[in-house]
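K.L.:
Next input, structure requested:
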Amino acid sequence: MRKRGFTALTIAATAACATATVTVTAGSVAVASAQTGPAFGYHKVRAAIPKQAGHFRVTSPDLARGTFPAASYADTFGCTGGNVPPRLSWSGAPTGTRSFAVTMFDRDAPTGSGFWHWSVRDLPATAASVPANAAAGVNDAGTAGYQGPCPPAGDRPHHYEITVLALDVADAGVPATAGPAMASFAMGSHVIASAQITATAVVS
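P.N.:
Here you go, the predicted model:
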């Protein structure tokens, strides 16, 4: 009796797993068929902002429609934009803010780790926008300053997360030559609040 019961249970479990596999596979095919361009998978990456961090507000007249203007696209990698960073304005940062940082991250880049386009650090606590002469760290293209969006031609829309970080230190101690991932790691424990805009970019 025990043997029969175990056998029946095994068959039921096997059937359930087979059904689940078919469902997942069908879903994956549907998702892949809806994509344009190369079909790259996704995997989860930990956020660079602590869960307990507060929130404030950031706006941009250049990203009001949720997309980048031509002037903000890259002027490299086959794109012919102006590589001009979008204008930002923020308010409502919490008491205790001693400096701000700004980052721009493309979570859809087919790299396995996204792509950091912009990393501005050590803006004073009195700042409400990014000054024209603000010193920016190295981006993932290996250059200092802003690197505009330029997703692969024909790829799905890429989502660019532009984040303003309120820090509890005036200087996070990040070396000027540090890459954006290292900078985010160093600043992570000092983030007390954040504000974010997400904009998309597509190249046909």
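
K.L.:
Run through the chain and note the low-pLDDT ranges.
P.N.:
For the chain, residues meeting the criterion pLDDT under 70 lie at 1-38.

K.L.:
Let me see the ranges of the helices in it.
P.N.:
Remark: helices assigned in the chain by DSSP state H are 2-34, 180-188.

K.L.:
other SSEs contacting the shortest one?
P.N.:
For helix 180-188, the contact count by 3 or more C-beta pairs under 8 Å, 6 or more residues apart in numbering; DSSP states H and E identifies strand 99-106, strand 115-124 as packing neighbours. No exception for glycine: its C-beta is placed from N, CA and C like everyone else's.

K.L.:
try it again with 10 Å
P.N.:
strand 99-106, strand 115-124, strand 158-167 (3 or more C-beta pairs under 10 Å, 6 or more residues apart in numbering; DSSP states H and E).

K.L.:
Quick check, central residue of the chain?
P.N.:
F105 (3.6 Å; C-alpha atoms, centre = their mean).

K.L.:
any idea how far that one is from T163?
P.N.:
7 Å (C-beta to C-beta, to the nearest Å).

K.L.:
shared neighbours of the two, which are they?
P.N.:
A48, W118, S184, Q196, T198 (C-beta atoms under 10 Å, 6 or more residues apart in numbering).

K.L.:
Widest-spaced pair of these?
P.N.:
Maximum pairwise distance in the shared contacts of F105 and T163, criterion C-beta to C-beta, is 17.0 Å, between S184 and T198.

K.L.:
neighbour-wise, which of those two wins?
P.N.:
S184 (23 against 13; other C-beta atoms under 10 Å).

K.L.:
Spatially nearest residue to the more buried one, not counting backbone neighbours?
P.N.:
A48 (4.3 Å; C-beta to C-beta, 6 or more residues apart in numbering).

K.L.:
ok, the one you found touching T163?
P.N.:
Yes: counting by C-beta atoms under 10 Å, A48 does reach T163; the two are 8.1 Å apart.

K.L.:
Common neighbours of these two, please.
P.N.:
Counting by C-beta under 10 Å, 6+ apart, the residues touching both A48 and T163 are T103, F105, S184, V191, S194.

K.L.:
Identify the farthest-apart pair in the residues you listed.
P.N.:
With distances taken as C-beta to C-beta, the most widely separated pair in these is F105 and V191, at 14.3 Å.

K.L.:
Settle this for me: G78 is touching P152, isn't it.
P.N.:
Yes: at 8.9 Å, G78 and P152 qualify as touching, with contact defined as C-beta under 10 Å.

K.L.:
Show me what I197 bridges to in the sheet.
P.N.:
Residues in a beta bridge with I197, per DSSP bridges, are I162.

K.L.:
for it, what are its contacts?
P.N.:
57-60, 62-64, 66, 86, 88, 90, 104, 160-164.

K.L.:
can I see the domain layout of this structure?
P.N.:
Here the domain parsing of the chain from automatic domain parsing is 1-34, 54-201.
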